[in-house]
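Q: Okay, here's the prediction I keep looking at, along with the sequence it came from:
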Amino acid sequence: MSAAPLLAVYGLSQCDTVRRARQWLESHGLEYRFVDFKKTPPSAAQIAAWADAVDWDALLNRRGTTWRRLDSATQAGVVDAASAVALLAQHPSAIKRPVVEGGKTLLVGFDTVLWSGALL
């Protein structure tokens, strides 16, 4: 029986960036467990832990469709970690993807240079 993968990758299965990230992991022989936000949304506590680790603003995907579809008052209401966590718990597709957890490593977004340094 093999051990559970050391990496957990969170995102949306239909997201092109998540697909590229998963292909990159597989091409480098890294095992991971994929968690689809649509099927298993992260809890507010999990989002808060991510926000503590990387800064809440790094988690918020302001370029994505979900963010752009929010009304301006909702967008303007995101001013600190608490308001960001509340919004992201309600709209997990507004989280910048993918989020990768592994030991003490937390990566947000897909950057091959950063990922190579952190994971290889």
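A: Cool, the structure landed.

Q: C-alpha from now on. contacts and neighbour counts both.
A: OK.

Q: What ranges does this structure have for its helices?
A: In the chain, the helices defined using DSSP state H lie at 16-27, 44-54, 56-59, 65-69, 72-76, 81-90, 112-119.

Q: Could you check how far Gly56 is from Gly103?
A: If you look again at residue 56, you'll see it is Trp, not Gly. For Trp56, the distance to Gly103 (Cα to Cα, to the nearest Å) stands at 20 Å.

Q: and if you look at Arg69?
A: 35 Å.

Q: next one: Gln75
A: For Gln75, the distance to Gly103 - Cα to Cα - is 32 Å.

Q: With Ala94 instead?
A: 24 Å.

Q: of these two, who's got more company?
A: Set side by side, Ala94 and Gly103 show more neighbours around Ala94, with 22 against 8, by other Cα atoms under 10 Å.

Q: wait, doesn't that one sit right on Thr66?
A: Yes: look at Ala94 against Thr66 with Cα atoms under 8 Å: they come within range, at 5.5 Å.

Q: List the residues that contact Ala73.
A: Ala73 makes no contacts at all, as judged by Cα atoms under 8 Å, 6 or more residues apart in numbering.

Q: Then Val85?
A: Contact analysis of Val85 by Cα under 8 Å, 6+ apart lists 44, 47-48, 51, 56.
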